[in-house]
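Student: Below are the sequence and a predicted model for it; my questions follow.
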Amino acid sequence: MSIVEITERSWQGILKVQEEAYIGVPPEEVGVLKSKWEASPETCFVFQSSSNEILGYLLAHPWNSDEPPKLFEELPRKSAGDTLYLHDLAVSNNARDLGVGKQLSSKLIELAKLRKFNRVLLVAVQGSGGYWSKLDFREVHNATICSSYGTNANLMSLNVQA
């Protein structure tokens, strides 16, 4: 098993994992997901099995706002900034207890530090705030979050520079 950068061949597996993972919000279209990847391919990766089955994926991109981007919309062209926005992390039902999410998250945080981003920002959905808290993300209170993220979505932030 390994973490590798996304390629054009990865998308079928990514869409399959996305469909399994999200129950509270509809899946995003592949063009929307690809806009994140195209903006920052080095911060988007998949976790694959030894037989190259995609067991999880992570999409992140540079961002220039305290307000998260909207779901279901392609990334705006001039959105690069000192924040790394973790747009999506999803794990296949077949890999739930293998630590896939933690490995993908750890790789992203390490990359954020190396690339000198100030913070990693994300929206916790489907009750995942506790998971992100264990990775030292903290809730951003009174944040503006688009309703497309569903009910009980929380903006969370992790400072990565000392």
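Tutor: Cool, the structure landed.

Student: where does the protein dip in pLDDT?
Tutor: Counting by pLDDT under 70, the chain has low-confidence residues at 24, 162.

Student: what about 80?
Tutor: Across the chain, the ranges flagged by pLDDT under 80 are 24-25, 162.

Student: which helix is the longest one in it?
Tutor: Longest helix in the chain by number of residues (criterion: DSSP state H): helix 100-114.

Student: List the buried residues in that one.
Tutor: V100, G101, Q103, L104, S105, L108, I109, L111, A112 (16 or more other C-beta atoms under 10 Å). In short, each C-beta sits where N, CA and C put it, glycine included.

Student: which residue packs closest to the first one, ignoring adjacent ones?
Tutor: By that I understand V100. Among residues not flanking V100 along the chain, G56 sits closest, at 4.1 Å (C-beta to C-beta, 6 or more residues apart in numbering).

Student: List the pairing partners of the helix or strand that the one you found is a member of within its sheet, with orientation.
Tutor: Secondary structure assigned from DSSP states H and E places G56 in strand 54-63. Neighbouring strands of strand 54-63 in its sheet, by DSSP bridges, are strand 44-48 (antiparallel), strand 83-91 (antiparallel).

Student: Any chance of a markdown table for those, columns mean neighbour count and distance to V4?
Tutor: As requested, these are arranged in a markdown table below (neighbours: other C-beta atoms under 10 Å; distance: least, C-beta to C-beta, whole Å):
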| stretch | mean neighbour count | distance to V4 |
| --- | --- | --- |
| strand 44-48 | 23 | 6 |
| strand 83-91 | 24 | 16 |
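
Student: now for those strands, which one comes closest to Q18?
Tutor: Across these, the minimum distance to Q18, taken as C-beta to C-beta, is reached by strand 83-91, at 5.5 Å.

Student: the inter-axis angle of the closest one versus helix 100-114?
Tutor: Going by axes from the mean of the first three to the mean of the last three C-alpha atoms, to 10 degrees, strand 83-91 is angled at 160 degrees with respect to helix 100-114.

Student: which other residues reach strand 83-91?
Tutor: Counting by C-beta atoms under 8 Å, 6 or more residues apart in numbering, the neighbours of strand 83-91 from elsewhere in the structure are 17-18, 20-22, 28, 33, 36, 43, 47, 55-65, 68-69, 100-101, 104-105, 108, 111-112, 115, 117-122, 160.
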